[in-house]
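Chemist: give the three-dimensional model of this entry:
(one chain, ligands or ions: 2)
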Amino acid sequence: MSTTTIPATTDSYQTGLTNQVRGILDETPAWDLHTHLYPPTFGTPLSGTGQSAADANGLMLWGIDELLTYHYLVAEVFRVVPSRVLPYADFWQMSKREQADHIWQHLFLERSPISEACRGVLTTLQRLGLDPADKDLDGYRKWFAQQEPDDHIDRVMQAAGVCRITMTNDVFDDNERQRWLADPTVGGDSRFAPVLRFDALLCDWPAAARQLADWGYRTSETPSPDCIAEVQRFLREWIDRTGAIYCAVSLPPTFRFEGPEDTQLSSVIFREAVLPTLAERNLAMALMIGVVRGVNPRLSIAGDGVEKADVSSICRLCTDFPQNRFMVTLLSRENQHEFTVAARKFDNLMPFGCWWFLNNPSLIEEMTRMRMELLGTSFAPQHSDARVLEQIVYKWAHSREIIAKVLADKYAEVSRAGWPISDEVIRRDAKLLLHDNFQEFIAGR
Ligand code: HDL
Ligand code: ZN
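Modeler: Ligands and ions are numbered 1, 2, ... in the order given. The predicted structure follows:
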């Protein structure tokens, strides 16, 4: 489309522009920069057609029963059938299939599936060619059971408009770590990018020090220079083993970084071991801050909550470590404005995504507007955080719709100020937002 000739004030211009932007975003492949997804080499508990024996502890989660038992939906179903009716222990005793039946019955058949996580299941079924109106859970199960995981990944990435999936490879998770030690090629699927995740190192240093010592590193709770050197050896070995494209931690809202004099063990490990190693390896550090683990432990993985984080600690890190790059996402809505302003101050800070409890249309729109108005196109608007393969279909469909709406509004505003908008401009911006900003930031260009 050439530069538009329709006056930039009419509703039809706005509608046309929104459709044009949405179409281009739909065609622009996204690099999903944070997920919990895996290729079949990490094992999958669900057997498809012709697949080698399923692996009960497999890390590749896919299929309708995994979609329905997503921890977001577990939390939601207990609001409808409370634990005084169905005790938590009884639910956790159920098979995956029985849990899925329970969630399907109470959140879909007996109530309208209007929550974002419920709607996501419907969008996913629809975009994979199944009809949600059939309400035929057993029929859906039959379809998924006919899929071969490897081919299914290609189909799902195509449907989601995702060209690359970034993993979360938690070195402190035995199931994950043993797979890397058993087969260094386990992460070799080019559709998936590895990320080294090490929450324990910064969230529970004493336990991490003991664990590293068990693994043969000369670490102790007191971070002596030799201990620091051993932590760096551990990081180098695992960065090299996984081929990590960045490193990541999730941190509680209490996380503080008080600067060079900060004697907190986590700060010493961060300052003396982690950040120098990442700078040496030219790797970005992803900080995901604000989760309160186990607010309701009886909900297990569904039991985490959120509290406001300390943005000044992020500013101190960006100031004290100009040779490091920080990708940051904060879990609290209340942090978003001060955090977006902080991103204006530091070119080594990349805000990314609408994380977890923020990944809902109303908050994605609010955050994306705020970011575009303060940062232009210089941020990474979204990641899926998917845990089940097919979730990338709905998470990206729902987010593209909102990003398109906001971007079209911004184009209409500059159009009214006399600035021409063209297909070419929209394509360039879409690629920056969905792919290039992230790729360039982790490359350090
Ligand atoms: O720590 C994280 O990476 C979070 O995303 C958690 O995995 C959380 O359970 C989640 O899946 N949020 O969407
Ligand atoms: Zn995550």
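
Chemist: close to ligand 1: what parts of the stretch 301-445 of the chain are there?
Modeler: With CB under 6 Å from any ligand atom as the criterion, the stretch 301-445 of the chain meets ligand 1 at residues I301, W356, D385, R387. Where C-beta positions appear, they are placed from N, C-alpha and C, glycine not excepted.

Chemist: L130: neighbouring residues, count only.
Modeler: 17 (other CB atoms under 10 Å).

Chemist: quick check: phi and psi at it.
Modeler: Backbone torsions of L130, given as degrees, to the nearest 10, read phi -100, psi 160.

Chemist: doesn't W143 make contact with it?
Modeler: Yes. Counting by CB atoms under 8 Å, W143 is a contact partner of L130 at 6.1 Å.

Chemist: can you say which helix or strand has L202 in it?
Modeler: Taking DSSP states H and E as the definition, L202 sits inside helix 199-203.

Chemist: close to ligand 1, is that helix?
Modeler: No. Helix 199-203 does not reach ligand 1 (CB under 6 Å from any ligand atom); its nearest approach is 7.4 Å.

Chemist: name the residues of that helix that are buried.
Modeler: Using 16 or more other CB atoms under 10 Å as the test for burial, helix 199-203 gives D199, A200, L201, L202, C203.

Chemist: can you check stretch 402-409 too?
Modeler: Residues of stretch 402-409 classed as buried by neighbour count (16+ other CB under 10 Å): I402, I403, A404, K405, V406, L407, A408, D409.

Chemist: put the alpha carbons of that stretch into PDB.
Modeler: This file holds the C-alpha atoms of stretch 402-409, laid out as PDB (Å, rounded to 0.1, in the frame of the first residue of the first chain):
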ATOM      1  CA  ILE A 402      -3.600  -5.700  21.000                       C
ATOM      2  CA  ILE A 403      -0.200  -4.600  19.800                       C
ATOM      3  CA  ALA A 404      -1.700  -4.000  16.400                       C
ATOM      4  CA  LYS A 405      -4.500  -1.800  17.900                       C
ATOM      5  CA  VAL A 406      -2.000   0.300  19.900                       C
ATOM      6  CA  LEU A 407       0.500   0.600  17.000                       C
ATOM      7  CA  ALA A 408      -2.300   1.700  14.600                       C
ATOM      8  CA  ASP A 409      -3.400   4.300  17.100                       C
END
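
Chemist: contacting residues around that stretch?
Modeler: Stretch 402-409 is contacted from outside by 14, 17-18, 20-22, 25, 361, 364-365, 368-369, 372, 381-382, 426, 429-430, 433, using CB atoms under 8 Å, 6 or more residues apart in numbering.

Chemist: narrow the residues you listed to those in helices?
Modeler: In helices, defined here by DSSP state H, the members of the contacts of stretch 402-409 are 14, 17-18, 20-22, 25, 361, 364-365, 368-369, 372, 426, 429-430.

Chemist: ok, so of the residues you listed, who is nearest ligand 1?
Modeler: Distances from ligand 1 to those, taken as CB to the nearest ligand atom, are shortest for I364 (13.6 Å).

Chemist: tell me the pLDDT at that closest one?
Modeler: For I364, the pLDDT comes out at 99.

Chemist: now it: how far from R155?
Modeler: From I364 across to R155, the span is 26 Å (CB to CB, to the nearest Å).

Chemist: sorry, back to before: Throw the buried residues of stretch 402-409 into a markdown table and include secondary structure, thanks.
Modeler: Below are the buried residues of stretch 402-409 laid out as a markdown table (DSSP: H, G, I helix; E, B strand; the rest coil):
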| residue | secondary structure |
| --- | --- |
| I402 | helix |
| I403 | helix |
| A404 | helix |
| K405 | helix |
| V406 | helix |
| L407 | helix |
| A408 | helix |
| D409 | helix |
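
Chemist: of the residues you listed, closest to P276?
Modeler: Nearest to P276 out of the buried residues of stretch 402-409 is I403 (CB to CB; 36.1 Å).

Chemist: outside of stretch 338-346, which residues touch it?
Modeler: 311, 314-315, 318-319, 326, 328, 330, 349-351, 370-371, 374-375, 379.

Chemist: still on that earlier bit, determine which two of the residues of the stretch 301-445 of the chain next to ligand 1 are furthest apart.
Modeler: Greatest spacing in those, by CB to CB: I301 and D385 (12.9 Å).
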